[in-house]
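Peer 1: Quick one, structure for this:
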Amino acid sequence: MIWTLEEEKRLAVLLSIIDIGGYGTKKRVLDIIREMDYLKFEKKELEWKHNRPELVWRNHLAWIRKTLKRDGFIDGTIRNEWRITPTGKDHFCSGYMID
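Peer 2: Sure, this is the predicted structure:
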């Protein structure tokens, strides 16, 4: 199966959340993505944003999280808690054929 870059990033976010028990802070989820090398980043993604002290890739994955929330795969009711929903887990397991 060939995934788009967007799909790869969605997978990385969901996998990272699952890895840490189903929920975690933005920092923890993104740190796991980096520690586990789930994604390879281009040079420009490793640069700091010009308008705030955050790496470009971390900001972009926060937007990916927003789309996952919109699609019902992440629960966004608690501030700074990235929690996978049962729908998100089902989507992850069926969409990526992982048990």
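
Peer 1: show me the residues around the residue nearest in space to the middle of the chain that make contact.
Peer 2: Nearest to the mean C-alpha position of the chain, by C-alpha atoms, centre = their mean, lies residue 13 at 2.0 Å. Counting by C-beta atoms under 8 Å, 6 or more residues apart in numbering, residue 13 makes contact with 29, 33, 61, 64-65, 68, 74, 82. Using the backbone N, CA and C atoms, a C-beta is placed for each residue, glycine as well.

Peer 1: Can you lay out those residues as a markdown table showing distance to residue 47 and secondary structure?
Peer 2: Output for those, formatted as a markdown table (distance: C-beta to C-beta, whole Å; DSSP: H, G, I helix; E, B strand; the rest coil):
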| residue | distance to residue 47 | secondary structure |
| --- | --- | --- |
| 29 | 21 | helix |
| 33 | 17 | helix |
| 61 | 15 | helix |
| 64 | 18 | helix |
| 65 | 20 | helix |
| 68 | 24 | helix |
| 74 | 26 | strand |
| 82 | 24 | strand |
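
Peer 1: Out of those residues, which is nearest to residue 39?
Peer 2: Nearest to residue 39, judged by C-beta to C-beta, of these is residue 33 at 6.1 Å.

Peer 1: which residues does the closest one contact?
Peer 2: Residue 33 makes contact with 12-13, 16, 39, 61, according to C-beta under 8 Å, 6+ apart.

Peer 1: Type out the PyMOL command that picks the buried ones from those residues.
Peer 2: Buried subset of those, written as a PyMOL selection, criterion 16 or more other C-beta atoms under 10 Å:
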select buried, resi 12+13+16+39+61
